[in-house]
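1. coords below, sequence missing:
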Ligand SMILES: O=C(O)/C=C(\C=C(/O)C(=O)O)C(=O)O
């Protein structure tokens, strides 16, 4: 068993059954698999070591929460070794798609193998506490390469870094999905300059999508995340056809509390207050992006 980084909390051992019942075919569009470390080693360059969170537990959580599919996102702790991700995709019976992390020198054969496994995007991480900086020119090279496969790009950055990241995003081809609402400073309020700038950025181009995930990371008030709900709701109501939702299980790097995944699901009707908005958020949008061949 690989020791997890001191001070971080493990994922919830017994999340509640959500009160909210997701629509049929709902997709958890942001989650991870970690290790197990003695089978899928963590990256030497990682800045944290998570607790093991294997595919079997992710799939059991999917069923427990009433979801049908997962989008499994490569996290920095596994770096550019996507083996654990591919293993989970191949075990999912077509119920999972992936977002990988790759180098600029990734070969076309390697990309095709990832695509065959179910990968449909790459992730560019700008969070300074998670990764060393990558030159934007490298990200542009990767984006051009994977666009040939029809993949999209997922970006993860701090709210205060929008001005640094936006020029690169504008140069990327295809759809770009922003993780965790662009990590706004919730203490500044939805009318604060930072979140307004983020909303204006998303409004620039219909290629830009956003995940209304991670109230547990952004909150100052704590569960049930009343201080974060207005941000997610504003995004759902303004961009109903380009929002995604995810648990972010197993919630790496949490220190403030252990989020209950069932309680996170119960936030959904508060941020998407109609059945139509819930269906677009949980079914139509993720199916169009990750299973277009099956999308209505
Ligand atoms: O540590 C965070 O801020 C959140 C995450 C970490 C990563 O994505 C990562 O290590 O790549 C998360 O989204 O799970």
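-> Yep, it's here. If you're wondering where the values come from, they're calculated on a predicted model, not measured in any experiment.
2. what about residue 10, which SS state?
-> coil (DSSP: H, G, I helix; E, B strand; the rest coil).
3. and for residue 210?
-> strand.
4. residue 117 contacts residue 97, doesn't it?
-> No: counting by C-beta atoms under 8 Å, residue 97 is not a contact partner of residue 117; they are 9.4 Å apart. Where you see a C-beta, it was placed from the backbone N, CA and C, and this is true even at glycine.
5. contacts for the helix or strand that contains residue 113, please.
-> Take DSSP states H and E as the rule and residue 113 turns out to sit in helix 108-117. With contact meaning C-beta atoms under 8 Å, 6 or more residues apart in numbering, helix 108-117 is reached by 82, 86, 89-90, 98, 100, 102, 145-146, 149, 151.
6. do the same with stretch 257-265
-> 9-12, 15-18, 20, 22, 61, 64-66, 215-216, 222-224, 247, 249, 251.
7. that stretch: end-to-end distance?
-> Terminal residues of stretch 257-265 are spaced 16 Å apart (C-alpha to C-alpha, to the nearest Å).
8. now stretch 80-100
-> 8 Å.
9. mind checking the pLDDT average for that stretch?
-> When pLDDT is averaged along stretch 80-100, the result is 98.
10. please apply the same query to stretch 154-173.
-> The pLDDT scores in stretch 154-173 average 98.
11. next one: residue 13 from the ligand, what distance?
-> According to C-beta to the nearest ligand atom, to the nearest Å, residue 13 stands 18 Å off from the ligand.
12. residues contacting that residue?
-> With C-beta under 8 Å, 6+ apart, residue 13 has no contacts at all.
13. tell me the pLDDT at it?
-> 97.
14. check which helix or strand it maps to.
-> Residue-wise, residue 13 maps onto no helix or strand under DSSP H and E.
15. how near is it to residue 260?
-> 10 Å (C-beta to C-beta, to the nearest Å).
16. ok, whichever residue of the stretch 151-296 of the chain sits closest to the ligand - how many residues close by?
-> Distances between the stretch 151-296 of the chain and the ligand by C-beta to the nearest ligand atom are smallest at residue 253, namely 3.6 Å. By other C-beta atoms under 10 Å, 18 other residues sit near residue 253.
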